[in-house]
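Q: Below is the sequence, then the predicted model.
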Amino acid sequence: MSPISALPAPPLSLPPSTVCIKLQALNTTASLYVKSTNFLHPTIPGHEIYNCPTLAFLLSHPSGQKILFDAGVRKDYWNYAPLITRRFGAAVNVKGLRVDKGVDEVLKDAGIELGEVDAVVWSHWHFDHVGDLSLFPDSTKIIVGPGFKANFLPGYPKNPEASLLESDYAGKEMVEISFQEAMIGGFRAHDFFGDGSFYFLDVPGHAVGHMCGLVRTTESSFVLLGADACHFAGALRPSIYLPMPEVLDGRWGLDEYFKNPCPCEVFGECHPGKEDEKRTSPYYTASKAAGSAYVDPEVANESIQALKAFDASDDVLICLAHDPGLFEVLPLLNDGPRNEINGWKEKGYKEMLRWRFLNELPRDGKPGRKPIVLGFWRDGKEVSAVEALAK
Ligand SMILES: [Zn+2]
């Protein structure tokens, strides 16, 4: 195995500003264990079902405005629109679902009143991102991406086949972001506060209206809230910019199962690529299966390709909504109301996260990690799918 030299990170032309956002990550407490085939391509034996814990983010602007980026799964998930609960009922794709708290409770536990939240961003319409906004006061706005209103309104019951509930947005102002010419790193960008502190990025492919967030955490560093641009960090890495090292030592946070240091060949075994690609191309691309969760897998793969340039930058930390590694590395709002992730660069979180996804991959063709949840849970108990969905 010979050394591979990384290509230099492509320029992103990140715009300058001195206005930063205080950024906090919260565990929404929604745990999912889902079939890979609808999210990841190809299916790697031993990783047919995979872990999806769910993060959201709280942004505090110097003006005092607070924005919640994504809202997790509603605690009473049996009260989603029938279009959604029917899918749970089939129990084909979701093999485990547990929600201990709504984001409303997570925020209140951290001493944040819901009335302080000026806006909630729905990165996209999927159930694990919209939560239950009927619990928030009418003063809370909802921010959505391009095409959202035309495609998803009205909600249920006005439209019996809608995925959203009318109660999710009734009485609230819904702001649909419209992107103009500004571009950052190949994506259309919208400067939300007009001061360079927080940009929405138009990142298409997964769902109509899917947006990422680009948060300035210091004058020269950013966190990219990746939402569901892809569903596994191993869809971004390794890359030609971040090739896998020949030997992985203790600094990468690998499980004790692996020898320390561990030769990279161990992780090449389950890599679906050719021998010369295993250290420079990701494990996965977007699912193009018949039931794919991606509305346009080709476009999603173009988006993922552009995200690799952000991933390559020392100045950007990408946080996908469902990356298990983040729960091990980031200090969460759940564990302390003052916990924030602005210091990610000096604390080395990006390096601590880079190869952690390898822990989730199969070992000798068997699942690497245990499921974070199995079966449907309600009020802290495992129940049958029928019981789980009873109103
Ligand atoms: Zn999701």
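A: That came through, no problem.

Q: wait, isn't Lys391 in contact with Asp76?
A: No - under the criterion of Cβ atoms under 8 Å, Lys391 makes no contact with Asp76, lying 9.2 Å away. Bear in mind the C-beta positions are built from the backbone N, C-alpha and C, glycine included.

Q: between those two, which one's more packed in?
A: Relative neighbour count places Asp76 above the other of Lys391 and Asp76, with 13 against 6, counting by other Cβ atoms under 10 Å.

Q: quick one, phi psi at the nearest residue to that one once chain neighbours are set aside?
A: Computed as Cβ to Cβ, 6 or more residues apart in numbering, the closest residue to Asp76 that is not its neighbour in sequence is Asp132, at 7.4 Å. Per-residue torsions, Asp132: phi -130, psi 90 (degrees, to the nearest 10).

Q: what does Ala30 give?
A: Dihedral angles (degrees, to the nearest 10) for Ala30: phi -90, psi 120.

Q: repeat for Met211
A: phi -130, psi 150.

Q: what's the least confident helix or strand in the protein, going by average pLDDT?
A: Least confident helix or strand of the chain, by mean pLDDT, DSSP states H and E, is helix 82-90 with a mean of 87.

Q: how close does Ser163 get to Met174?
A: Relative to Met174, Ser163 is positioned 15 Å away (Cβ to Cβ, to the nearest Å).

Q: For Glu351, pull up the helix or strand it's in.
A: Counting by DSSP states H and E, the element that carries Glu351 is helix 349-354.

Q: Now do the buried residues in that helix.
A: 349-350, 352-354 (16 or more other Cβ atoms under 10 Å).

Q: Give me the secondary structure label for the residue in the stretch 51-200 of the chain positioned nearest to the ion.
A: Among the residues of the stretch 51-200 of the chain, Asp128 lies closest to the ion, at 4.3 Å counting by Cβ to the ion. On the three-state scheme (DSSP: H, G, I helix; E, B strand; the rest coil), Asp128 is labelled helix.

Q: in terms of contact, does it touch Val73 like I think?
A: Yes - between Asp128 and Val73 there is a contact at 5.0 Å, judged by Cβ under 8 Å.

Q: anything in contact with each of these two?
A: 30, 32, 54 (Cβ atoms under 8 Å, 6 or more residues apart in numbering).

Q: Please indicate which of the residues you listed has the highest neighbour count?
A: Ala30 (30 neighbours).

Q: residues in contact with the residue nearest to the spatial centre of the chain?
A: Closest to where the C-alpha atoms of the chain average out (Cα atoms, centre = their mean) is Ala321, at 1.6 Å. Neighbouring residues of Ala321 by Cβ under 8 Å, 6+ apart: 54-56, 70, 123, 128-129, 225-228.

Q: Which residue ranges of this protein form helices?
A: 82-90, 103-109, 127-130, 148-152, 166-169, 265-268, 297-312, 324-329, 344-347, 349-354, 385-389 (DSSP state H).
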